[in-house]
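Peer 1: quick one: sequence and predicted model below, then my questions.
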Number of protein chains: 2
Amino acid sequence: MNAHVRPGRLTDGTRLWSSLMDMARIGALPNGGCCRLALTDEDRAARDLFVRWCREEGLTMQVDPFGNVFATRAGRRPDAGHVLVGSHLDTQPHGGRFDGVLGVLAGLEAVRGLNAAGIETEQAITLVNWTNEEGVRFSPGLTGSAGFIGAIGAYDGMAVSGVGQVPFQSELHRIGYAGRERFSGRIAGYYELHIEQGPVLERAGVPIGVVEGVQGVRWLEIDLAGEDRHAGTTPAADRRDAFMAAAGLATRMRGAALAHDRAFRITFGRVAVEPGSVNTVPGRVTMSVDLRHSDVGLLERVEQEITEAVAALRGTEGVVGTVRRTMDVAPVAFDPAMQDVIEGAACEIGAATRRLPSGAMHDASNLARIVPGAMVFVPSRGGISHNENEWTEPEHIADGCEVLARAMLRHAMGMVAAH
Amino acid sequence: MNAHVRPGRLTDGTRLWSSLMDMARIGALPNGGCCRLALTDEDRAARDLFVRWCREEGLTMQVDPFGNVFATRAGRRPDAGHVLVGSHLDTQPHGGRFDGVLGVLAGLEAVRGLNAAGIETEQAITLVNWTNEEGVRFSPGLTGSAGFIGAIGAYDGMAVSGVGQVPFQSELHRIGYAGRERFSGRIAGYYELHIEQGPVLERAGVPIGVVEGVQGVRWLEIDLAGEDRHAGTTPAADRRDAFMAAAGLATRMRGAALAHDRAFRITFGRVAVEPGSVNTVPGRVTMSVDLRHSDVGLLERVEQEITEAVAALRGTEGVVGTVRRTMDVAPVAFDPAMQDVIEGAACEIGAATRRLPSGAMHDASNLARIVPGAMVFVPSRGGISHNENEWTEPEHIADGCEVLARAMLRHAMGMVAAH
């Protein structure tokens, strides 16, 4: 029995915190953050450390063709399948110490706790580190989990493109993490603990988020063509001002989306106004729209409304627009029974919970398309992520890990009727 | 008597057109436009051609310390002052054949007509080519006329800055147009013929614009600070979206300005949205506002409304804004008696007129601050200017020149009570 474990707890929050801080030294940035881009030397060092820790716990290591690293603690019944637990060790260029890493090392801490307590499970427990979740060096992101579920081909060179022409496969080989065989175990369920990366839990004062699913995402690219005109000589009636068209469109579309549901998320993140001269009426605007909601029907409806509103600009502003959909990810629903087991585990340790959707995509978004999946969120201070200032309180880390471990243990004992 | 002059006309539209096309060969661009930036070799060649043509008409040449070129046709009464007529020979980088050049060469054509007809005037007539109206290579623009009225000092190296560090004074010397003495004659009035550079005359089907004045201009720079946030994880209520703040502000402020007066001109020309990522709520927007109107009180009021609206964004959008005024040019009113004489001249040749403000600044904006000033506009096809496609119909050029010549002649005969 580990000396640090709080009475009645399976996991040791202090030991987990210490592992998180050890890992954060790899690719450490001056202001407390981390830069561990996928398949760099830093990523290799992080993987090597994770593998060493797993081996110390007697786990069996496997690497698949996407570089995903699996670490299995065998169950009593070899035919009973695996409870998969994981996340990713890669970070954003100015990333924090928790995004992704927490989910991997909390799984490890759960295994350490089981080992220390001498608990055997019916099903095997397999920790996993997914490759290139962040998608910074290689596109698309969520590469490892997408490959795992068969959404992209293992050796399809077109599917994963290196930004700046760094080839994914050669980098996998270079760092020594190009596996040969796919993971062949049957997956009974997938758990992922992650920081919320949003403000909801912190604002509610709730330490444990039970994630209902992942919002669907649609990206649109809007191109508005008016006419460059002299700002001084052109009366209002003669203008075809692409920026005024864009401004009115954005204002009305946000209003419409939030009128459907206050939970709708609509963002005009990239807006380019041309020619960009103080005394020229802008003749061209291109802008992106990011739409997120759990209901695919509502996403469809808002996209339709935007398309109609852009068409109407011809009459109102003399501006001709086009709308092009550049991404479409369907919403994901997590397994209800697994949500319940997470809620029950939180209740056992006296931690309040709130159900909420995930606005960000995670490896769990991919996994839940083929196996029962679930996520646990812990609060992010200020909702800040992808930033060196990313922070989660140590007690929330400890609670999140304990909830994860208990849910996972119950599942591996065959006590969760996940579908 | 020149053979090309239409019966009853003082000027020869065909000869003027031919001079315009000769001048357009200097710095000619492939698509019919001109590039004659101030104080380049092209500008020198244009000045040399103008000087040669003036000498052929017996005019007395003078160059002042700003490189302004004056060409005087003496009057009968040396004490009676000068009627000044001119514009500028420099162009934009992708300029047309008429912006500026027309006003200089139409003045020359008027003098040619007077010479051909053997008409003597009471007052002297002085043609002028102002230096660096366009302000491309040196800032601020309208340099020559600003120097002439004393708004900037002759040898004040700080006042005229070369873009890319080309010094104004050394370039003046290099091309041989650095004069020593200011023009000392008394100015009875200043006339400038110019293309409209807007769509009003063309749309109205009117060949002659009698310009009432030049709209005042205010430039504001608005800086809006919200917070970069994840587009997926941040609910609407937790956002401080600088772009949504900017879009709403622009929409409301255009509405407010046009509600005051449909003639108000408001332009958000330069809009920068940061960080410019599809899935990040924009935390920062900087944008310029160009406000134009003939009533300084209304400019003041709209600027005040913008300042108040920006302050209110803190409460409505959680966005903190600042407004900084970066330019303020007071409106200019042209001389009513000179407007009447232009209107009368147009009536004599059967050309319809419309009174209108100038939305663009001109050298006349400077001159009219110290002497009686007036401008004549001719239509710009499609309102297009600062563009190789700039075009004015030859008959409108001819009519504009004839109106200019008649107004100028009447003035030089002492028949205009300008103040």
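Peer 2: Good, I have the coordinates. Residues are numbered from 1 along each chain as shown, chains lettered A, B, ... in the order given.
Peer 1: which bits of the stretch 301-419 of chain A sit near chain B?
Peer 2: Neighbours of chain B within the stretch 301-419 of chain A, by Cβ under 8 Å from any Cβ of the partner chain: A:358-361, A:383, A:385-386. Quick note: C-beta positions are derived from backbone N, CA and C, even for glycine.
Peer 1: nearest to chain B, of those residues?
Peer 2: Ranked by distance to chain B (Cβ to the nearest Cβ), these are led by A:G359 at 3.2 Å.
Peer 1: tell me, how many residues neighbour that closest one?
Peer 2: Other residues near A:G359 number 25, with proximity taken as other Cβ atoms under 10 Å in any protein chain shown.
Peer 1: how about A:G176?
Peer 2: 11.
Peer 1: ok, A:V332 to A:N366 distance?
Peer 2: 9 Å (Cβ to Cβ, to the nearest Å).
Peer 1: so the two - more neighbours on which side?
Peer 2: Higher neighbour count among A:V332 and A:N366: A:N366, with 27 against 24, using other Cβ under 10 Å.
Peer 1: residues in contact with the helix ranked longest in chain A?
Peer 2: If each helix of chain A is counted by residues according to DSSP state H, the longest one is helix A:296-317. Applying Cβ atoms under 8 Å, 6 or more residues apart in numbering or on different chains, the contact partners of helix A:296-317 are A:216, A:218, A:220, A:222, A:224, A:226, A:240-241, A:244-245, A:248-249, A:252-253, A:256-257, A:260-261, A:264, A:266, A:289, A:291-293, A:319-323, A:325, A:330-331.
Peer 1: of those, buried ones?
Peer 2: A:216, A:218, A:220, A:222, A:224, A:226, A:240-241, A:244-245, A:248-249, A:252-253, A:256-257, A:264, A:266, A:289, A:291-293, A:319-321, A:323, A:331 (16 or more other Cβ atoms under 10 Å in any protein chain shown).
Peer 1: one step back: in strands, which of the contacts of helix A:296-317 fall?
Peer 2: Taking DSSP state E as the definition of strands, those contribute A:216, A:218, A:220, A:222, A:224, A:266, A:289, A:291-293, A:320-323, A:325.
Peer 1: quick one: low-confidence ranges for chain A?
Peer 2: Counting by pLDDT under 70, the ranges of chain A that qualify are A:1-5, A:153-165.
Peer 1: quickly list the domain ranges of it.
Peer 2: A:13-215+A:331-412, A:217-329 (automatic domain parsing).
Peer 1: redo these as JSON lines? Include distance to B:G135.
Peer 2: Compiled in JSON lines, the domains of chain A are given as follows (distance: least, Cβ to Cβ, whole Å):
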{"stretch": "domain A:13-215+A:331-412", "distance to B:G135": "40"}
{"stretch": "domain A:217-329", "distance to B:G135": "11"}
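Peer 1: what's the closest of these to B:F148?
Peer 2: Distances from B:F148 to each of these were compared by Cβ to Cβ, and the smallest falls on domain A:217-329, at 22.0 Å.
Peer 1: which strand residues bridge the residue nearest to A:T60 when sequence neighbours are not counted?
Peer 2: Excluding its sequence neighbours, the residue lying closest to A:T60 (Cβ to Cβ, 6 or more residues apart in numbering or on different chains) is A:T72, at 4.6 Å. Each beta-bridge partner of A:T72 is listed here: A:T60, A:T126, as defined by DSSP bridges.
Peer 1: roughly how far apart are A:T72 and A:P78?
Peer 2: Note on A:T72: its distance to A:P78, by Cβ to Cβ, is 11 Å.
Peer 1: give me the common contacts of these two.
Peer 2: The overlap between the contact sets of A:T72 and A:P78 (Cβ under 8 Å, 6+ apart) consists of A:A124.
Peer 1: name the residue in those two with the higher neighbour count.
Peer 2: It is A:T72, of A:T72 and A:P78, that has more neighbours when counted by other Cβ under 10 Å, with 20 against 10.
Peer 1: hmm, the more buried one is touching A:Q123, no?
Peer 2: No - look at A:T72 against A:Q123 with Cβ atoms under 8 Å: they stay out of range, at 10.6 Å.
Peer 1: common neighbours of the two, please.
Peer 2: Shared contacts of A:T72 and A:Q123, defined by Cβ under 8 Å, 6+ apart, are found at A:H82.
Peer 1: contacting residues around the most centrally placed residue in chain A?
Peer 2: For chain A, the residue sitting closest to the mean C-alpha position, by Cα atoms, centre = their mean, is A:H362 at 2.7 Å. By Cβ under 8 Å, 6+ apart, the contact set of A:H362 is A:87, A:133, A:142, A:192, A:194, A:214, A:375.
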